[in-house]
Each structure stands twice: as C-alpha cells, then as structure tokens.
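Novice: just need the structure, nothing else, for what follows:
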Amino acid sequence: MQTQMWTVKEIADHFHTNTQRIYRIMARLEIEETDIQKNVKYYDQEKFEAIAKELGLDDNNEGKGKSDITGSSADVIGAQKSTIDQLKKIIEIRDKQIEEAKEQADAAKSEKEIETNRLHTIIQEQMEANERTQTLLSQAQQLQRGVVQDLDKKTQQLTLVSENLTEKELKIQEATQEFETKLSEKNEHLQTLTKELEDARRALEKPKKYGLFGFLKH
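Specialist: Okay, the predicted model is just below:
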C-alpha cells in the first residue's frame, strides 16, 4: 500500500491553519521533504503525524484543529514577524553583497581607468617621439641637401679653377717654349758673335807677332 504524501499547503488546510505556522514547526523539528516532484515538496505520513503531534492534535479528530486555529493569531503574527526578520537579514546580506560588488566594480573601473591613462600616456609619448623623429629627419634631409649643394658648388668652382689652371699652365708652357726658343736663338747668335770676335782678335794679333812685313808675307 502506497504511503500518503502531503504538501505543506495540504497539511495547513487539513489542520485549518496557515502554511507559515507549518513551516515554523518543520524548522523547529528539522523536518525535511520526503520527495520532490515538479519542484513541489512532499512529506510522508510519519512527518505529517510529527507535525500533528506538535500542533497538539489527533490525526483522527480534525475538530480540535478549528478551536486551535481560532487562537493562532499571535502565532501568525509571530510567524510573519519571523519571516520579516529573515527577509531583513536576506536584504542586509544582499545589500552587503551589492555593496561589495559595487566596490569591486569601482576598483576594477579605477584600475581600468589607470590602465587606460597609462596606455594613453604611452601612446602620447610615442606620438611625440614620432614627431621629434620626423623633425630630426626633416632637418637631416635639409642639411644633407645643403651639403650636397655646397659640394656641387665647390666641385664646380674647383672645376673652373682647374680649367683656369690648365689654361694658364698651357700658356706658361707656350711662353716657356717661346722663351727657350728665343734663348736658343740668342745663344746661337751669341756664339756666332763670340766666334767673329775671336777671329777679329786673332786678326789683330797677327801684325804684332810677325810685324807688318811678315804679316803681309804670310
């Protein structure tokens, strides 16, 4: 024979009382459900009788439950107060959890802001470094262009000087050759004059050596 199973509402209705009082008795007696079906808790006959005994009722005499329920207003109020207290505690726990979660969120947000600011600073520094690098590169390119232009100008000047020197050297060479030619001609002329002078001197010395008549004889 299958044992009868009861829900909390069925127990409360059987004894003409409220479910809060049944829950309070079950908590005091530490009664747990026998079975759960479709999220509904069920209690067996043994637990039903334990609850009935606690209520001071006889399972076969339901009439006594009526007189008992008429005087249960204080119990209802007490149960409601207990429920309110429990709800307050739950609310306090939830408020504390919410506060802790908020603090954690604020801390995470603060850390995220710090990290964001740090990354922003790094990016800003990199941008400034890039700008400085671009400026230095531009200055270096300008300097290089200036140096190349100066070198080109110097090269042109040296080429002109070299061409002028070459032209002057050619003129000097031509003048030197002309001078050497004229000098050679002068030397030849001088040698000729020297020879003629020597011949003339010899001619003048002959009369002295042989006398006038000897010279004529010779």
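Novice: hey, C-alpha coordinates of stretch 15-31 in PDB?
Specialist: Provided in PDB are the C-alpha atoms of stretch 15-31 (Å, rounded to 0.1, in the frame of the first residue of the first chain):
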ATOM      1  CA  PHE A  15      -5.500  21.500  10.300                       C
ATOM      2  CA  HIS A  16      -7.200  24.700   9.300                       C
ATOM      3  CA  THR A  17      -4.100  26.800   9.900                       C
ATOM      4  CA  ASN A  18      -1.600  28.700   7.700                       C
ATOM      5  CA  THR A  19       1.500  27.500   5.900                       C
ATOM      6  CA  GLN A  20       3.700  29.900   7.900                       C
ATOM      7  CA  ARG A  21       2.900  28.000  11.100                       C
ATOM      8  CA  ILE A  22       3.600  24.600   9.500                       C
ATOM      9  CA  TYR A  23       7.000  25.900   8.100                       C
ATOM     10  CA  ARG A  24       7.900  27.200  11.600                       C
ATOM     11  CA  ILE A  25       7.100  23.800  13.200                       C
ATOM     12  CA  MET A  26       9.000  22.000  10.400                       C
ATOM     13  CA  ALA A  27      12.000  24.200  11.000                       C
ATOM     14  CA  ARG A  28      11.800  23.600  14.800                       C
ATOM     15  CA  LEU A  29      11.600  19.800  14.300                       C
ATOM     16  CA  GLU A  30      14.200  19.900  11.400                       C
ATOM     17  CA  ILE A  31      11.800  18.100   9.100                       C
END
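Novice: buried residues in that stretch, which are they?
Specialist: Using 16 or more other C-beta atoms under 10 Å as the test for burial, stretch 15-31 gives 15-18, 20-26, 31. From N, CA and C alone the C-beta is placed, and that goes for glycine too.
Novice: wait, which of these is closest to Q177?
Specialist: Y23 (139.4 Å; C-beta to C-beta).
Novice: doesn't I11 make contact with the closest one?
Specialist: No - applying C-beta atoms under 8 Å, one finds Y23 not in contact with I11, separated by 10.0 Å.
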